[in-house]
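[1] Below are the sequence and a predicted model; questions follow.
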Amino acid sequence: MVFKKSGRYSVPSDEDYEPGSNDEVLKNFLNIHSKEIMSEIEQRELGRTELELFQIYDADHQFTVEDICNIHELWLGDIYPMAGKYRTVNMDKDGFPFAASAQIEKLMIQFERNYLQQYTPCHFNDLDQLANALGTVHVELIIIHPFREGNGRTARLLADLMAVQANKPPLNYALIDQVENKQGFAEYIMAIHAGVRRDYSLIRNIFVTLLQQSV
Ligand SMILES: Nc1ncnc2c1ncn2[C@@H]1O[C@H](COP(=O)(O)OP(=O)(O)O)[C@@H](O)[C@H]1O
Ligand SMILES: [Mg+2]
């Protein structure tokens, strides 16, 4: 597998909306304007990417921020110019601010040193320890939110790769799905907010359940 060697720096226009999309779809190589069609394409590519990733990263791989960018690019590189690149715009969701864009590069280096190097390769046998590893890495990546779009699913791909390193199946995320399970999603968002205070107990508990429910 050879990754594209595109520059890692986004230009702001890469992160604009596709003209004519009513600010619903990001600028893309396919000139797609429909949110629904784009969601389907993203979902299809996500499935393809997950299968490819299990061939790329073995059980002893220690993940790096370069891998995180490559995973995002492998998923979305044929669709969006922003794929694999750090965002240059500040963003929040429902008033919760993610890291300032100017800090992302520095924060990702710290993320690699403090979390990826500590928790990968992910060889925990104990369920609580494994859930703690998956949950901590997940929350820390979500809080940085390095990409313009697709951070949640990229973080889930990484959690799946880590689970497989620990001889577990990829996770079933229905429990925290924003559409299928509003209560579960709300608790998941609260767990992310607790992670800002380095309180990982809530996200660990959620990953315990996700691991138990994934077969
Ligand atoms: N209110 C919120 N506060 C903190 N994090 C949130 C909030 N809403 C969503 N998130 C996080 O952001 C992710 C969505 O980010 P996004 O870049 O759109 O990724 P994706 O497109 O893959 O869902 C969610 O999966 C969740 O982890
Ligand atoms: Mg999104």
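    Arrived safely, thanks for sending. Ligands and ions are numbered 1, 2, ... in the order given.
[2] going forward, measure contacts between C-alpha atoms and count neighbours the same way
    OK.
[3] just checking, what packs against the longest helix along the chain?
    Criterion DSSP state H: the longest helix present in the chain is helix 35-56. Contact analysis of helix 35-56 by 3 or more CA pairs under 8 Å, 6 or more residues apart in numbering; DSSP states H and E lists helix 65-76, helix 151-165 as its packing neighbours.
[4] can you list the residues that contact the last one?
    With CA atoms under 8 Å, 6 or more residues apart in numbering as the contact definition, helix 151-165 has outside contacts at 50, 53-54, 57-60, 68, 71-72, 120-123, 130, 134, 137-138, 141-142, 145, 169-171.
[5] So which bits of the next helix or strand after that helix are buried?
    Next along the chain after helix 151-165, taking DSSP states H and E as the criterion, comes helix 182-195. Using 16 or more other CA atoms under 10 Å as the test for burial, helix 182-195 gives 184-185, 188-189, 191-195.
[6] Could you export the residues you listed as JSON lines, including distance to ligand 1?
    Shown next, in JSON lines, are those (distance: CA to the nearest ligand atom, whole Å):
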{"residue": "184", "distance to ligand 1": "12"}
{"residue": "185", "distance to ligand 1": "9"}
{"residue": "188", "distance to ligand 1": "8"}
{"residue": "189", "distance to ligand 1": "5"}
{"residue": "191", "distance to ligand 1": "9"}
{"residue": "192", "distance to ligand 1": "6"}
{"residue": "193", "distance to ligand 1": "6"}
{"residue": "194", "distance to ligand 1": "10"}
{"residue": "195", "distance to ligand 1": "10"}
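[7] Could you identify the most distant pair in those residues?
    184 and 195 (16.7 Å; CA to CA).
[8] out of the helices and strands packed on helix 35-56, nearest to residue 213?
    helix 151-165 (12.9 Å).
[9] can the closest one be found next to ligand 1?
    Yes - Helix 151-165 is in contact with ligand 1 by CA under 6 Å from any ligand atom, via 151-153.
[10] Fine, thanks again, bye for now.
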